[in-house]
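S.K.: Coordinates for the following, if possible.
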Amino acid sequence: MGIFNYRKPMIMVGLINVIGFVVLLFLNNMDYTVLAYGAAVLLALEIAYFILYRMSMEDQYIFLIVAMLFSVGEIMLFRLDESFGKRQIIWFAISLVCFFAAYFLIIKTNVWEKIGYLYFGAAILLFVVTMLFGKTISGARNWIVIGEFSVQTSEIIKLLVVFMLADRYTHPERYRIFGLSEGVVISALVYTVLGCMVIQREWGTAVVIFLMHISMMYIFNEKKWLMLVNAGLAIVGGGLGALFLPHIKTRIEVWLNPWTDMAGKGYQITQSLFAIGAGGFFGTGIGMGSPEYIPQVHSDFIFSAICEEFGILGGVAVIMLYFILVYRGLRISMNIKDVFYKTLSTGISILIGFQSFIILGGVTKFIPLTGITMPFISYGGSSLLISFIAIGLLEGAANKSHVIREEADSIEEK
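M.R.: Sure thing, here's the model as predicted:
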């Protein structure tokens, strides 16, 4: 039976893809190229899972959850705009290769906890390069355009911050400079990165990085006074932004009452709420809703489209997948004894969790909208790529720790 056992969750992922792309075939006037793209996605997922199965990765369910999230997102992208779906498949193929590359780099090399401040230096260098040669898209100058492809550098920077924090908790002595404690120094470095994000007008990523930073301070027993100072600085910074930065002020006003300007500033969020409400519990069905009325529905508001056509139950299922993904990531970190890989896997899990929460809260008007993408679901090549690399690092950290434990046990037996 093995990998082809019908009880295997991968069979469920395959069924979702088969059903989804067959429905899309009928919606696209029997254009059989849709089935070809669907077959390519399914084949790539099956090959990737087969490799994972043969390598006996520590937690294969993490990949299965990610595969399900991507499948739902890809089906919805094809339904919204076939061109977006086709481009996303190209990025998906690249992301799978990078997923395995990240996994093997963590497993086979031991340099990650030795390079210290290079993570911070790389983040600042990326910021400088983006400001000098980047392009402004949707008001944020955080894109590097290469030919037909564009890369969002803030996606890379937030992963570098995870590595920097992991290094801080592994080697605190490196961050005791100028008579300051390591907690103060790392906070200063994080706030420097946040300042770069603010200059680029990338507030969503800045919020995610800050929440990850303060969460790791709490998890790894940082001094309470330092946590309070960080919280206070966040409140002051957010307040100043709301008072003096027009685009932040507008987002808060829209969040508080979008109905006063439904045809203008509040159009996007009100259409999102209408779409979610129109879907009811079971949805209108694929192709039977009108999510195209929502601006940027393929990226920022794809969850609203899912709720309209898959229903509230479909939306809840997506939320539960994110919960389980974060839970399994944190469970991996709890079982790791090596400090660097423990903090790395914790940071990645928190990063995915907060990014998912912030965009879900934004499109449902629970919190102000920040304009970040839903991991693995929204259209966006760089977001998909970095998300898959992060999952590869998470799997690699789990297996690396397993290898370290086996080597330690072997030494003890000798």
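S.K.: Number of residues surrounding A40?
M.R.: Residues contacting A40 under the criterion other CB atoms under 10 Å number 14. For every residue, glycine as well, the C-beta is placed using N, CA and C.
S.K.: er, A390 actually
M.R.: A390: 26 surrounding residues under other CB under 10 Å.
S.K.: same question for the helix or strand hosting it, mean pLDDT?
M.R.: Using DSSP states H and E, A390 maps to helix 381-413. Average pLDDT, helix 381-413: 76.
S.K.: Helices along this protein, start to end?
M.R.: 9-27, 33-55, 60-80, 82-108, 118-133, 153-170, 182-199, 203-219, 224-244, 246-256, 267-279, 302-335, 339-363, 381-413 (DSSP state H).
S.K.: so where's this protein shaky on pLDDT?
M.R.: Along the chain, the parts satisfying pLDDT under 70 run over 1-7, 401-414.
S.K.: Outside of the top strand by length along it itself, list whatever touches it.
M.R.: Using DSSP state E, we find that the single longest strand of the chain is strand 140-146. Identification of contacts with strand 140-146 by CB atoms under 8 Å, 6 or more residues apart in numbering yields 129-131, 133-137, 150-154, 200-202, 205, 371.
S.K.: Tell me the buried residues within the residues you listed.
M.R.: Buried by 16 or more other CB atoms under 10 Å: T130, G134, V151, Q152, T153, S154, Q200, R201, E202, T205, G371, out of the contacts of strand 140-146.
S.K.: Now for F274, how many residues are close by?
M.R.: 16.
S.K.: what separates it from G85, distance-wise?
M.R.: 24 Å (CB to CB, to the nearest Å).
S.K.: same deal with T33?
M.R.: T33 is 11 Å from G85, by CB to CB.
S.K.: So if I had to pick from these two, which one is more boxed in?
M.R.: Legend: neighbour count by other CB under 10 Å for T33 and G85, higher for G85 (24 against 11).
S.K.: which one is that one nearest to, not counting chain neighbours?
M.R.: In space, and not counting its chain neighbours, G85 is closest to F78: 3.5 Å by CB to CB, 6 or more residues apart in numbering.
S.K.: can you tell me which residues contact the residue lying closest to G353 once chain neighbours are set aside?
M.R.: In space, and not counting its chain neighbours, G353 is closest to V326: 4.0 Å by CB to CB, 6+ apart. Counting by CB under 8 Å, 6+ apart, V326 touches S349, I350, I352, G353, S356.
S.K.: with the residues you listed in mind, which one is nearest to V190?
M.R.: I350 (13.7 Å; CB to CB).
S.K.: Return the distance of stretch 110-122 from the chain's centre.
M.R.: 22 Å (CA atoms, centre = their mean, to the nearest Å).
S.K.: Equivalent analysis for stretch 270-289, please.
M.R.: Distance, centroid of stretch 270-289 to centroid of chain: 24 Å (CA atoms, centre = their mean).
S.K.: Quick check: buried residues in that stretch?
M.R.: Quick answer for stretch 270-289 (16+ other CB under 10 Å): 270-276, 278-279, 283-284, 286, 289.
S.K.: can you check stretch 250-265 too?
M.R.: Those would be R251, E253, V254, W255, P258, for stretch 250-265 by 16+ other CB under 10 Å.
S.K.: As CSV, could you dump the C-alpha coordinates of it?
M.R.: What follows is stretch 250-265 as a C-alpha-only set of coordinates in CSV (Å, rounded to 0.1, in the frame of the first residue of the first chain):
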residue,chain,number,x,y,z
THR,A,250,-6.7,56.7,6.0
ARG,A,251,-6.5,53.0,6.7
ILE,A,252,-7.6,53.5,10.3
GLU,A,253,-10.5,55.7,9.2
VAL,A,254,-11.6,53.1,6.7
TRP,A,255,-11.3,50.4,9.3
LEU,A,256,-13.4,52.3,11.8
ASN,A,257,-16.2,53.2,9.3
PRO,A,258,-15.8,52.2,5.7
TRP,A,259,-19.6,52.8,5.0
THR,A,260,-19.2,56.6,4.9
ASP,A,261,-17.3,56.4,1.6
MET,A,262,-18.4,53.1,0.1
ALA,A,263,-17.7,54.3,-3.5
GLY,A,264,-14.2,55.7,-2.6
LYS,A,265,-11.8,54.8,0.2
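S.K.: residues in contact with it?
M.R.: A242, G266, Y267, I269, T270, K365, I367, P368, L369, T370.
S.K.: Give me the neighbour count for the fourth one.
M.R.: Counted with other CB under 10 Å, the burial measure for I269 works out to 24 neighbours.
S.K.: Next: the third one.
M.R.: Using other CB under 10 Å, Y267 has 16 other residues around it.
S.K.: Would you check how far apart it and L273 are?
M.R.: With the distance defined as CB to CB, Y267 ends up 11 Å from L273.
S.K.: if I read this right, I214 contacts N230, doesn't it?
M.R.: Yes - using CB atoms under 8 Å, I214 makes contact with N230 at a distance of 5.4 Å.
S.K.: sorry, back to before: Serialize the contacts of V326 to TSV and add fields for distance to I209 and neighbour count.
M.R.: As requested, those are arranged in TSV below (distance: CB to CB, whole Å; neighbours: other CB atoms under 10 Å):
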residue	distance to I209	neighbour count
S349	15	25
I350	10	24
I352	13	23
G353	13	22
S356	15	26
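S.K.: and which of the residues you listed is nearest to V162?
M.R.: I350 (8.6 Å).
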